[in-house]
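Participant: take this sequence and fold it.
(4 chains)
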Protein chains: 2
Amino acid sequence: MPTPADSCGHLHDSRELARLKRALMTGAEVASIADLFKMLGDGTRVRILDTLAQGERCVCDIAELVGMSESAVSHQLRLLRASRLVRVRRVGRQAFYALDDHHIIGLLHDARRHVQEQA
Amino acid sequence: MPTPADSCGHLHDSRELARLKRALMTGAEVASIADLFKMLGDGTRVRILDTLAQGERCVCDIAELVGMSESAVSHQLRLLRASRLVRVRRVGRQAFYALDDHHIIGLLHDARRHVQEQA
DNA sequence: GACATATATGAATACCTGCTCATATATTCA
DNA sequence: TGAATATATGAGCAGGTATTCATATATGTC
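Facilitator: The predicted model follows:
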């Protein structure tokens, strides 16, 4: 039986390869996880979430605290809302945003520790 | 003393605002954290890290397991190396990659749990 | 040395993303 | 109702990113 003239000589399409593939994340899982990290992978959004970690705030206060225009912040809040990371409470003409998901604080803290360690 | 015709009437430039600003992350911290998440915010890289979570692998095996061309994988490995998330061990003409930072597994697991919960 | 193999890299391209500016919507107040 | 305020949103643009394809480098084999 001729072994195919394969290259680096490891997995080929053996049982081992199939076993490994089964242990990996599904496509849907990978996509969801990457999307979550994508949402956290922007400075403005990190600042917004960091701000909201201290409590609910209206849009103009968030804009002031993160140092961005209200328009830019509003656009980002829309994305964060769509990802269910924040929620709105509307009072009159104001919109108060808060974290909708406190696991995010954990991820943020872990990342913070991580970058501090390898500094 | 005329209160400025401010708008939503919250923080203004009071002591409170200064106090809050001090509690927020520094610009450098925000940038590092966002960069880390950016690195995790791509499906191919998530797959690569997930694969390496099972152990060291050579480039062509990684390419096979994540279902991408070796070139694409090599480009991504370069970025992951630059971010110190993976490291290489060269043996002959092969390059074996491994996680250089096992905290990453924790972040990946947390993200995984997170997306599974809100599914 | 000549050739095959494993990986790396540069250039080009197609796509995506975040901001600004202008404008819309909705609410409050006179 | 009309003006002011708080937020939301669409279009457009500038910059960034992931892939492919072609090619380079480096190692091993004959």
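
Participant: which parts of chain A sit against DNA strand C?
Facilitator: Within reach of DNA strand C by Cβ under 7 Å from any atom of the strand, chain A has these residues: A:5-9, A:38, A:41-45, A:68-69, A:71-72, A:75-76, A:79, A:90, A:92-93. For the C-beta atoms, the positions are set from N, CA and C on the backbone; glycine is no exception.

Participant: keep only those of those that are in strands.
Facilitator: residue A:90 (DSSP state E).

Participant: now, of the residues of chain A next to DNA strand C, which are buried?
Facilitator: Among these, those classed as buried by 16 or more other Cβ atoms under 10 Å in any protein chain shown are A:8, A:38, A:41-45, A:68, A:76.

Participant: tell me the least confident of the residues you listed?
Facilitator: Lowest-confidence member of these: residue A:8, scoring 71 (pLDDT).

Participant: which of the helices or strands spans the nearest residue to that residue once chain neighbours are set aside?
Facilitator: Spatial nearest neighbour of residue A:8, excluding adjacent residues (Cβ to Cβ, 6 or more residues apart in numbering or on different chains): residue B:60 at 4.6 Å. Taking DSSP states H and E as the criterion, residue B:60 maps to helix B:59-66.

Participant: now do that helix: which elements does it pack against?
Facilitator: Contact partners of helix B:59-66 among helices and strands, from 3 or more Cβ pairs under 8 Å, 6 or more residues apart in numbering or on different chains; DSSP states H and E: helix A:15-23, helix B:43-52, helix B:70-82, strand B:94-99.

Participant: show me how far the second one is from its chain's centre.
Facilitator: Okay, so that is helix B:43-52. 12 Å (Cα atoms, centre = their mean, to the nearest Å).

Participant: run through who's touching that helix.
Facilitator: By Cβ atoms under 8 Å, 6 or more residues apart in numbering or on different chains, the residues outside helix B:43-52 that reach it are A:20, A:24-25, A:30-31, A:33-34, A:37, B:39-40, B:57, B:62, B:65-68, B:72-73, B:76-77, B:79-80, B:85-86, B:97-99, B:104, B:108.

Participant: buried ones in stretch A:73-91, by neighbour count?
Facilitator: A:73-74, A:76-77, A:80, A:83, A:85-86, A:88.

Participant: between the two ends of that stretch, how far is it?
Facilitator: Using Cα to Cα, to the nearest Å, one end of stretch A:73-91 lies 18 Å from the other.

Participant: now it, how far from the centre of its chain.
Facilitator: That offset, for stretch A:73-91, works out to 14 Å (Cα atoms, centre = their mean).

Participant: any regions of chain A where pLDDT drops low?
Facilitator: Chain A contains residues with pLDDT under 70 at A:1-7, A:9, A:12-13.

Participant: please identify the residues of it in proximity to DNA strand D?
Facilitator: Counting by Cβ under 7 Å from any atom of the strand, the residues of chain A that sit close to DNA strand D are A:58-60, A:70-71, A:74-75, A:77-78, A:88, A:93-95.

Participant: would you check which pair of those residues lies furthest apart?
Facilitator: Greatest spacing in these, by Cβ to Cβ: A:75 and A:93 (18.6 Å).

Participant: follow-up on the earlier one: and the angle for the helix holding residue B:60 with helix A:15-23?
Facilitator: 50 degrees (axes from the mean of the first three to the mean of the last three Cα atoms, to 10 degrees).
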